[in-house]
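Engineer: predicted structure and sequence below. I'll ask about it afterward.
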Amino acid sequence: MEITHIEHLGIAVKSIEEALPYYEQVLGLKCYNIEEVADQKVKTAFFMVGQTKIELLEPTSEESAVAKFIEKKGEGIHHIAFAVPSVAEALAEVEAKGVKLIDKAPRGGAEGLNIAFLHPKSTCSVLTELCEHPEK
């Protein structure tokens, strides 16, 4: 699998509105995009740090995976996302190597990316996301 860079770090928060002052006023970052991803039941906020993004994830439903994560582990780092040229090819490659997949096929994510998640039971307990920019 060819990983080109860390696409983003996902951080679970109870409230983007409450988290924004820390990221903007303390760290001096600028939030450049807030959007809801309805099928994942989250609202996201993005910041650029060099070539890597920070993605804040706020659950929009108690049924969302992010809400369950916060309930179990509290707010904090939720996942690491790697950019790959083809999510479908990367999924096939890691599955052939015995990695358990959460997503068997790419799906739409925030910022128009094609995404898929690998199960933390197969990734040293780190929820791992693969991302592909569809225009590339």
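Structural biologist: Structure received. Numbers count the residues shown, from 1 in each chain.
Engineer: so Phe69 versus Gly76, what's the distance?
Structural biologist: Noted for Phe69: a distance of 9 Å to Gly76, by C-beta to C-beta, to the nearest Å. All C-beta spots, glycine's among them, are computed from the backbone N, C-alpha and C.
Engineer: ranges for the helices of this protein?
Structural biologist: Shown for the chain, the helices assigned by DSSP state H span residues 16-21, 65-73, 87-96.
Engineer: distance to Ile102 added to these, as JSON lines?
Structural biologist: Putting the helices of the chain into JSON lines (distance: least, C-beta to C-beta, whole Å) gives the following:
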{"stretch": "helix 16-21", "distance to Ile102": "24"}
{"stretch": "helix 65-73", "distance to Ile102": "9"}
{"stretch": "helix 87-96", "distance to Ile102": "10"}
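Engineer: give me the number of residues near Leu29?
Structural biologist: The local packing of Leu29 (other C-beta atoms under 10 Å) involves 16 other residues.
Engineer: what residues are up against the closest residue to it other than its chain neighbours?
Structural biologist: Nearest residue to Leu29, sequence neighbours excluded (C-beta to C-beta, 6 or more residues apart in numbering): Phe47, at 4.2 Å. Taking C-beta atoms under 8 Å, 6 or more residues apart in numbering, we find Phe47 in contact with 23, 29-32, 53-54, 56.
Engineer: can I get the buried ones among those residues as something I can paste into PyMOL?
Structural biologist: For anyone working in PyMOL, the buried entries among these, judged by 16 or more other C-beta atoms under 10 Å, can be selected with:
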select buried, resi 23+29+31+53+54+56
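Engineer: the contacts of Phe47 in strands, which ones?
Structural biologist: Members of the contacts of Phe47 lying in strands (criterion: DSSP state E): 31-32, 53-54, 56.
Engineer: now, which of those sits nearest Glu2?
Structural biologist: Nearest to Glu2 among the ones in strands among the contacts of Phe47, counting by C-beta to C-beta, is Lys53 at 19.6 Å.
Engineer: per-residue pLDDT, the closest one?
Structural biologist: At Lys53, the model reports a pLDDT of 97.
Engineer: about what we covered before: format the helices of the chain as JSON lines; extra columns: mean pLDDT.
Structural biologist: Compiled in JSON lines, the helices of the chain are given as follows (pLDDT from 0 to 100):
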{"stretch": "helix 16-21", "mean pLDDT": "98"}
{"stretch": "helix 65-73", "mean pLDDT": "96"}
{"stretch": "helix 87-96", "mean pLDDT": "97"}
